[in-house]
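*Asks:* Dropping the sequence and predicted coords here.
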Amino acid sequence: MFVRAYLRASTSEQDATRAREQLRTFAAERGLTIAAWYVENESGAKLSRPELFRLLADACPGDILLVEQVDRLSRLTASDWERLKAELTARRVRVVALDLPTSWMMATSSADEFTGRMFEAINGMLLDVLAAVARKDYDDRRRRQAQGQAKAKVEGKYKGRPEDTKRNGEIANMLRAGMSWTSIANATDCSRATIAKIAKRTKSAQPAA
């Protein structure tokens, strides 16, 4: 049995490794060692998360997926959560979350078969509840944000997201150096629409021949 710790933050500005010591302490208190760390900055509201699925690909039956909170694992829609649960079940990976005490039993092998099955059933139900709560919190925050933006637009106060001038300057330099749009997108993690906008701006700024 291996313990595989999963650390996630939504954006690159957030520290995804913030809970590393908490997870390490939790495991040590139970005589466990974290065999591998999987860290990524991706939204929990989307299923496509490379590090999470690398963890699942690496996992063997009985391995533990250790997270700080259930919302680090899922802010997914109901259908995407069912897909992720099916993947966890197929690979027989046990989810242990610090904010879900019933899951802590999964980190030990001392329970008899009946008790283990009972806790597994209860844990599965509570995982569903917390995953639903995490998604509702996500939807509520998005709705409040949209309402705030709509109000600001009406009042003429909304200016949108500030431009990442440093990144856009780097993109402009890459364009001038003749790099392909695909290479630039991979290097800067931006969309082709953003590159197109900067390419147009860069071209218009060039002096006429």
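*Replies:* Ah, there it is.
*Asks:* thinking in terms of the whole chain, how far from its middle is stretch 174-190?
*Replies:* 25 Å (CA atoms, centre = their mean, to the nearest Å).
*Asks:* Need the contact partners of it.
*Replies:* Applying CB atoms under 8 Å, 6 or more residues apart in numbering, the contact partners of stretch 174-190 are 12, 167, 170-171, 191-192, 195-196, 198-199, 202. (Glycine included, C-beta is placed from N, CA and C.)
*Asks:* And stretch 92-102, by the same measure?
*Replies:* Under CB under 8 Å, 6+ apart, the answer for stretch 92-102 is 19, 22-23, 26, 56, 59, 61-70, 72-73, 88, 103-104, 106-107, 119, 122-123, 126-127, 130.
*Asks:* out of these, which are buried?
*Replies:* Buried members of the contacts of stretch 92-102, scored by 16 or more other CB atoms under 10 Å, are 19, 23, 26, 56, 59, 63-70, 72-73, 88, 103, 106-107, 119, 123, 126-127, 130.
*Asks:* so how far is Q149 from V96?
*Replies:* Counting by CB to CB, to the nearest Å, the gap from V96 to Q149 is 38 Å.
*Asks:* So for those two, which residue has more residues nearby?
*Replies:* V96 (24 against 13; other CB atoms under 10 Å).
*Asks:* Mind telling me what element the more buried one is part of?
*Replies:* Assigned by DSSP states H and E, V96 falls within strand 94-97.
*Asks:* CA atoms only: put that strand into CSV for me.
*Replies:* C-alpha atoms of strand 94-97 as CSV (Å, rounded to 0.1, in the frame of the first residue of the first chain):
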residue,chain,number,x,y,z
ARG,A,94,-8.9,4.8,-1.3
VAL,A,95,-9.6,8.5,-0.8
VAL,A,96,-8.5,9.9,2.6
ALA,A,97,-9.2,13.6,3.3
